[in-house]
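# pasted the sequence and its predicted model underneath.
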Amino acid sequence: MYNGYSSTFYALELKTSGTNSMSFERTKEDKGMIHKHQIDYLIKFTTYKNHVGGFLLDFRLSDNTFFLPIDEFIKMIDRIDKKSFNEKNLTEYCNPIVIEKKKLKVNYRYDVEKFLRDTGLN
């Protein structure tokens, strides 16, 4: 059934943090929340036509969730000299897409349709 969206395939790494930052690995020897092989595979994945790769980043302390395309992530980590980033780094060095969500009793309901519209790739 056709839903009105073009055939774009999304490869997403979903990360959530109970602190105000997220760590990442610059090399295989580093230890971080976002692993080097995840970064490498998202980069490779986006070389294919109609393929989008990136991170869904959930910061529980601020209750904010973002989509960050892999190319924006690479730009950010190339500009910072540490092995972690926070929300300020995201907005300073990137243009993340805010994922709107509504808190239910225990879980959240995410507005995926709006996310797809906001990426401009659907």
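That came through fine.
# next up, identify which helix or strand the residue positioned nearest the centre of the chain is on.
Centroid-nearest residue in the chain, with CA atoms, centre = their mean: F55, separated by 2.0 Å. Per DSSP states H and E, F55 falls inside strand 51-59.
# again with D118
Using DSSP H and E, D118 sits in helix 112-119.
# hmm, back to that, quickly list what the residue nearest to the centre of the chain is bridged to.
Bridge pairing for F55 (DSSP bridges) gives the partners E13, L68.
# who's in contact with it?
Residues in contact with F55 (CB atoms under 8 Å, 6 or more residues apart in numbering) are 12-15, 34, 42, 67-68, 70, 73. (Each C-beta comes from the backbone N, C-alpha and C, glycine too.)
# could you give the number of residues near the residue nearest to T16 when sequence neighbours are not counted?
Sequence neighbours aside, D58 is the residue nearest to T16 in space, at 4.0 Å (criterion: CB to CB, 6 or more residues apart in numbering). Burial of D58, expressed as a neighbour count using other CB atoms under 10 Å, amounts to 20.
# for T91, same thing?
11.
# now do it, the pLDDT please.
What the model reports as pLDDT for T91 is 92.
# could you look up the SS state of it?
Here T91 is recorded as helix under DSSP: H, G, I helix; E, B strand; the rest coil.
# any residues touching stretch 80-98, and which ones?
For stretch 80-98, contacts defined as CB under 8 Å, 6+ apart pick out 20-26, 30, 32, 57, 59, 62, 64-68, 72-73, 75-77, 79, 115, 118-119.
# just the buried subset of these, written out for ChimeraX, thanks.
Buried subset of the contacts of stretch 80-98, written as a ChimeraX selection, criterion 16 or more other CB atoms under 10 Å:
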select :21,22,23,24,25,32,57,59,65,66,67,68,72,73,76,77,115
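# so which of the contacts of stretch 80-98 belong to helices?
Using DSSP state H, the subset of the contacts of stretch 80-98 located in helices is 72-73, 75-77, 79, 115, 118-119.
# among those, which two are most distant?
Maximum pairwise distance in those, criterion CB to CB, is 25.3 Å, between R79 and F115.
# for the protein, which spans come out with low pLDDT?
Within the chain, the segments meeting pLDDT under 70 span 1-6, 120-122.
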